[in-house]
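>>> heads up, no residue letters with this:
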């Protein structure tokens, strides 16, 4: 494609890849993999949608408030 047709197609593509940071006290004592599974479970229906329509990739940071403060210096 070229010109306006390519611009139109690109402008109307859905964004299906996201980066998410979740900071929660409920993560205290919970292993990272379990934290990620808990968050991914919230998006189960979106992951199940056809490619190009639903959620394709979710990059996660799942931290306790203490971990977040240590990493960023920000108090939550």
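Nice, thanks for sending it over. Computed from a predicted model, the values in this text were never measured in an experiment.

>>> what residues of the lengthiest helix in the chain count as buried?
Criterion DSSP state H: the longest helix present in the chain is helix 32-42. Using 16 or more other CB atoms under 10 Å as the test for burial, helix 32-42 gives 35, 39. Quick note: C-beta positions are derived from backbone N, CA and C, even for glycine.

>>> and it, what does it pack onto?
strand 17-23, strand 57-63 (3 or more CB pairs under 8 Å, 6 or more residues apart in numbering; DSSP states H and E).

>>> among those strands, which is the most enclosed?
strand 57-63 (a mean of 15; mean count of other CB atoms under 10 Å).

>>> what about the protein, any weak spots by pLDDT?
For the chain, applying pLDDT under 70 flags the ranges 1-16, 51-52.

>>> now with 90?
For the chain, the stretches with pLDDT under 90 are 1-19, 43-58, 76.

>>> now do the contacts for residue 58.
Shown in contact with residue 58 (CB atoms under 8 Å, 6 or more residues apart in numbering): 17-20, 39-40, 43, 47.

>>> any figure for the gap between it and residue 65?
22 Å (CB to CB, to the nearest Å).

>>> do the same with residue 41
22 Å.

>>> just residue 28 next, same as before
Taking CB to CB as the measure, residue 28 and residue 65 are separated by 9 Å.
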